[in-house]
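>>> Mind looking at a prediction? Sequence and model below.
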There are 2 protein chains.
Amino acid sequence: MNSEKQPDPASEPISKSRLRLWLSLLKTSSMIEDEIRRRLRSELDWTLPRFDVMSTLSRRPEGLKMSEISKMLRVSNGNITGIVDRLTHEGLVLRIASPSDRRANLVRLTPKGEQVFAEHATTHEAWIDEILSGLNANDIEGMMSRLDHLAKFLESQD
Amino acid sequence: MNSEKQPDPASEPISKSRLRLWLSLLKTSSMIEDEIRRRLRSELDWTLPRFDVMSTLSRRPEGLKMSEISKMLRVSNGNITGIVDRLTHEGLVLRIASPSDRRANLVRLTPKGEQVFAEHATTHEAWIDEILSGLNANDIEGMMSRLDHLAKFLESQD
């Protein structure tokens, strides 16, 4: 019935199967990220970089340097500064002097920022639950163990 | 032995497991991409955006508009123009008039560009084969079917 040429996984070299898997991983991750970006915009009037910055800060209540946020999110310092400036203006984050380095500022969430992020995080978790609803506990543990295996290999490359 | 608090997958709500899987997918994809970026630079003196542009063009021998490359790679038009300008200067791509729209230019690989990309693609496939070497044919087919399932769900959201 299907006249499209499909690769036959049983006969292709395993290097081709691994390449297909990598391209599929990349594509699916991008699609999920795009769907999250779309829902943040349409349902919460929010952006993914703003969500990511607040998520990073929420895990580090002691505060982070601008350069640390930039490194953790792989986003340029200039872009992070712009986002933090706007979040500061909206009362969601604040800058404090670093206890260990008086020349450096740390950024952290304000109580209002914590509250806003907690609401966003709950909504985000529900979206992921819906988007991944086709995967049951067995599927998830099977994928997690293989992804952990890959991550360990990659960590050994450093 | 391990005093770190580990989530117990058997007792956590499935929404938390799905969120962990999503974060793991994102992290592993980024790590693989970083490793490819590092190897392109150190072993081929090449960049990932240059590799991605040539890879996209190699699949479309009839040529692509600058705006199409930009959309397919989710990279700004300005960045794509800069990359295409440098590849043109090096004789790896060329601009031709579009047969259907005389005001638009199409970009495609030159024969030299096809040859250079073919060598890069072979090296890239070998790297992926090595990075994913911990996954056998069964692992790959298990992950592929679950990723396809996710992609189908996401396509149905449009």
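Good, I have the coordinates.
>>> Spatially nearest residue to the residue most central in space within chain A (excluding sequence neighbours)?
Central residue of chain A (Cα atoms, centre = their mean): A:D52, 6.4 Å from the mean position. Of all residues not flanking A:D52 in the chain, A:L73 sits nearest, at 5.5 Å (Cβ to Cβ, 6 or more residues apart in numbering or on different chains). To be clear about C-beta, it is placed using only N, CA and C from the backbone, and glycine gets the same treatment.
>>> contacting residues around stretch A:50-68?
For stretch A:50-68, the surrounding residues in contact (Cβ atoms under 8 Å, 6 or more residues apart in numbering or on different chains) are A:40, A:69, A:72-73, A:75, A:77, A:80-81, A:83-84, A:86-87, A:92-93, A:96, A:98, A:104-109, A:113-114, A:116-118, A:120-121, A:124.
>>> that older thread, based on its surroundings, how many neighbours for the residue nearest to A:D52?
By other Cβ atoms under 10 Å in any protein chain shown, the residues close to A:L73 number 16.
>>> what does A:A126 give?
12.
>>> cool, and A:T28?
For A:T28, using other Cβ under 10 Å, the count is 20.
>>> so who does it touch?
A:T28 sits next to B:25, B:147, B:150-151, B:154 when contact means Cβ under 8 Å, 6+ apart.
>>> Same question for A:I131.
Counted by Cβ under 8 Å, 6+ apart, A:I131 has contacts A:32, A:35, B:22, B:150, B:153-154.
>>> tilt between the helix of greatest length in chain A and helix B:14-44?
If you go by DSSP state H, chain A has its longest helix at helix A:14-44. Counting by axes from the mean of the first three to the mean of the last three Cα atoms, to 10 degrees, helix A:14-44 lies at 130 degrees to helix B:14-44.
>>> Inside helices: which ones of the contacts of A:T28?
B:25, B:147, B:150-151, B:154.
>>> Pull out the buried members of those.
Applying 16 or more other Cβ atoms under 10 Å in any protein chain shown to these, the neighbour count classes B:25, B:147, B:150, B:154 as buried.
>>> so which of the residues you listed are also by chain A?
Restricting these to those near chain A by Cβ under 8 Å from any Cβ of the partner chain leaves B:25, B:147, B:150, B:154.
>>> Verify the contact between the third one and A:I32 for me.
Okay, so that is B:L150. Yes. Counting by Cβ atoms under 8 Å, B:L150 touches A:I32, with 7.2 Å between them.
>>> for the helix or strand hosting A:S145, packing partners?
Take DSSP states H and E as the rule and A:S145 turns out to sit in helix A:137-155. Counting contacts by 3 or more Cβ pairs under 8 Å, 6 or more residues apart in numbering or on different chains; DSSP states H and E, helix A:137-155 is packed against helix B:14-44, helix B:111-131, helix B:137-155.
>>> Need those in a markdown table (columns: mean pLDDT).
Output for these, formatted as a markdown table (pLDDT from 0 to 100):
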| stretch | mean pLDDT |
| --- | --- |
| helix B:14-44 | 95 |
| helix B:111-131 | 97 |
| helix B:137-155 | 92 |
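>>> With distance to A:G134 added, can I get those helices in JSON lines?
Formatted as JSON lines, the helices and strands packed on helix A:137-155 follow (distance: least, Cβ to Cβ, whole Å):
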{"stretch": "helix B:14-44", "distance to A:G134": "10"}
{"stretch": "helix B:111-131", "distance to A:G134": "26"}
{"stretch": "helix B:137-155", "distance to A:G134": "5"}
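>>> which one of those helices lies closest to A:A137?
Between A:A137 and those, the shortest gap by Cβ to Cβ is with helix B:14-44, which sits at 6.0 Å.
>>> List the buried residues in that closest one.
Buried-residue list, helix B:14-44, by 16+ other Cβ under 10 Å: B:15, B:17-22, B:24-25, B:28-29, B:31-33, B:35-36, B:39-40.
>>> Checking A:R95 next. Helix, strand or coil?
On the three-state scheme (DSSP: H, G, I helix; E, B strand; the rest coil), A:R95 is labelled strand.
>>> Nearest spatial neighbour of it, chain-adjacent residues omitted?
A:N105 (4.5 Å).
>>> Quickly list what that neighbour is bridged to.
Beta bridges link A:N105 to A:A97, judged by DSSP bridges.
>>> Save the contacts of A:I131 as JSON lines, and put in distance to A:A137 too.
What follows is these, written out as JSON lines (distance: Cβ to Cβ, whole Å):
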{"residue": "A:I32", "distance to A:A137": "19"}
{"residue": "A:E35", "distance to A:A137": "22"}
{"residue": "B:W22", "distance to A:A137": "15"}
{"residue": "B:L150", "distance to A:A137": "16"}
{"residue": "B:F153", "distance to A:A137": "18"}
{"residue": "B:L154", "distance to A:A137": "21"}
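>>> Would you mark the buried spots in the strand or helix carrying A:L57?
Per DSSP H and E: A:L57 is located in helix A:48-58. Of all the residues in helix A:48-58, those buried under the rule 16+ other Cβ under 10 Å are A:49-54, A:56-58.
>>> Name the nearest of those relative to chain B.
For those, the closest approach to chain B (Cβ to the nearest Cβ) belongs to A:D52, at 10.5 Å.
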